[in-house]
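Peer 1: Generate coordinates for the sequence data below:
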Amino acid sequence: MQTRRIGDVQVGAIGLGGMPMSIEGRPDEERSIATIHAALDAGITLIDTADAYHLTATDVGHNESLIAAALASYGGDTSDVLVATKGGHVRPGDGSWTLDGSPDHLKSACEASLRRLGVEAIGLYQFHRPDPRVPYADSIGAIRDLLDAGKIRMAGISNADPGQIRLADEILGGRLVSVQNQFSPSFRSSEPELELCAEKDIAFLPWSPLGGISQAGELGSRFAAFAEVGREHGVSPQQVCLAWMLAKAPVVIPIPGSSRPETIRDSAGAVDLKLTDEELSRLDAA
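Peer 2: Numbering: from 1, shown residues only. Alright, predicted model coming up:
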């Protein structure tokens, strides 16, 4: 698989988003592990997770533990796999999502993620979402402290605007390596953040790149141009979508969520799909 760079680490140009394997509607563990193994077989070396990807208050960090188990049971070499996790978003266990960007919480959350992943240092740790009750600089200061302490190897942020990207990079002393924002054909408002990341050579990781769990399968019917281009190439609209994103900038690494081996294999094929300038224009217009 073609590679792209996060900090000083080369990863496959398509990542795997682990959330669908751990929240509402999640599959059994056997299928989830088969999905992760299929991603690894396809050359995917970036796996995205978060401590908040779970269902109940008793299985916090379910997705992190699942990924650790899948990597441990994989028959091949996993030394080049980068696991990116996040802290600062909290699920009390009642289906709701809340925020805690306090430095104390982020530091304790990082320690818990270290234990679940079974590593001495987290490859990429990202501040999940700004907490309006906590100054953004304080939250990023905690991420900086974790980086300085060697608890994490690289630092990123998620759900950030351009001002927060610049501030985070300043607080981290120029060591911000990734921004994970929502971006898809139906959610284009993160294009300013994508362009800023391209300018600053920071990896941009679109989450829900196919429109989210409930809408990914309908991408072709909602955006006809993606289905049309897919038919012309003999591939799925979803694969066209990911190839369109990859063409946006060399810093883009989409992380489609998946809970089935066949869907992540299809997504991985996007790195080999070459779209013409005319096709890209049609897709942009869609």
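
Peer 1: all strands for the stretch 51-200 of the chain, in order.
Peer 2: 82-87, 89-90, 98-99, 124-127, 155-158, 176-180 (DSSP state E, counting those that start in this stretch).

Peer 1: now the ones you listed in a markdown table, with mean neighbour count, distance to S186 and mean pLDDT?
Peer 2: In this view, the C-beta of every residue, glycine as well, is placed from N, C-alpha and C. Formatted as a markdown table, the strands of the stretch 51-200 of the chain follow (neighbours: other Cβ atoms under 10 Å; distance: least, Cβ to Cβ, whole Å; pLDDT from 0 to 100):
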| stretch | mean neighbour count | distance to S186 | mean pLDDT |
| --- | --- | --- | --- |
| strand 82-87 | 26 | 23 | 98 |
| strand 89-90 | 20 | 22 | 94 |
| strand 98-99 | 14 | 24 | 96 |
| strand 124-127 | 26 | 23 | 98 |
| strand 155-158 | 26 | 19 | 98 |
| strand 176-180 | 26 | 18 | 98 |
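
Peer 1: Out of the ones you listed, flag the one nearest A50.
Peer 2: strand 82-87 (3.9 Å; Cβ to Cβ).

Peer 1: Adjacent strands (with direction) for that closest one?
Peer 2: strand 46-48 (parallel), strand 124-127 (parallel) (DSSP bridges).

Peer 1: now the angle from that strand to strand 176-180?
Peer 2: Angle, strand 82-87 to strand 176-180, by axes from the mean of the first three to the mean of the last three Cα atoms, to 10 degrees: 70 degrees.

Peer 1: neighbouring contacts of the lengthiest helix in the chain?
Peer 2: Using DSSP state H to define each element, the chain has its longest helix at helix 103-117. When contacts are defined by Cβ atoms under 8 Å, 6 or more residues apart in numbering, helix 103-117 is touched by residues 51, 60-61, 64-65, 67-68, 83, 85, 87-88, 90, 100, 120-122, 125, 127, 138-139, 141-143, 145-146, 151-152.

Peer 1: now those: which count as buried?
Peer 2: For the contacts of helix 103-117, a neighbour count by 16 or more other Cβ atoms under 10 Å gives the buried set as 51, 60-61, 64-65, 67-68, 83, 85, 87-88, 90, 100, 122, 125, 127, 139, 142-143, 146, 151-152.

Peer 1: Filter those down to the ones in helices?
Peer 2: E64, S65, I67, A68, S139, A142, I143, L146.

Peer 1: I'd like the distance between the residue nearest to the first one when sequence neighbours are not counted and S139.
Peer 2: Just to be clear, that refers to E64. The shortest distance from E64 to any non-neighbouring residue, by Cβ to Cβ, 6 or more residues apart in numbering, is to R116 (4.2 Å). Distance, R116 to S139, using Cβ to Cβ, to the nearest Å: 21 Å.

Peer 1: contacting residues for V60?
Peer 2: D51, A52, H54, R91, A112 are the contacts of V60 under Cβ under 8 Å, 6+ apart.

Peer 1: picking that back up, can you give me the angle the longest helix of the chain makes with strand 82-87?
Peer 2: Using the same axes, to 10 degrees: helix 103-117 against strand 82-87 is 140 degrees.

Peer 1: Go through the contacts of V60 and single out the one with the most neighbours.
Peer 2: A52 (26 neighbours; other Cβ atoms under 10 Å).

Peer 1: Which pLDDT value belongs to that residue?
Peer 2: Looking at A52, its pLDDT stands at 96.

Peer 1: how deep is the spatially closest residue to S32 that is not a sequence neighbour tucked in, by neighbour count?
Peer 2: Spatially, and ignoring its direct neighbours in sequence, S32 is nearest to M21 (4.1 Å; Cβ to Cβ, 6+ apart). M21 sits with 28 neighbouring residues when counted by other Cβ under 10 Å.
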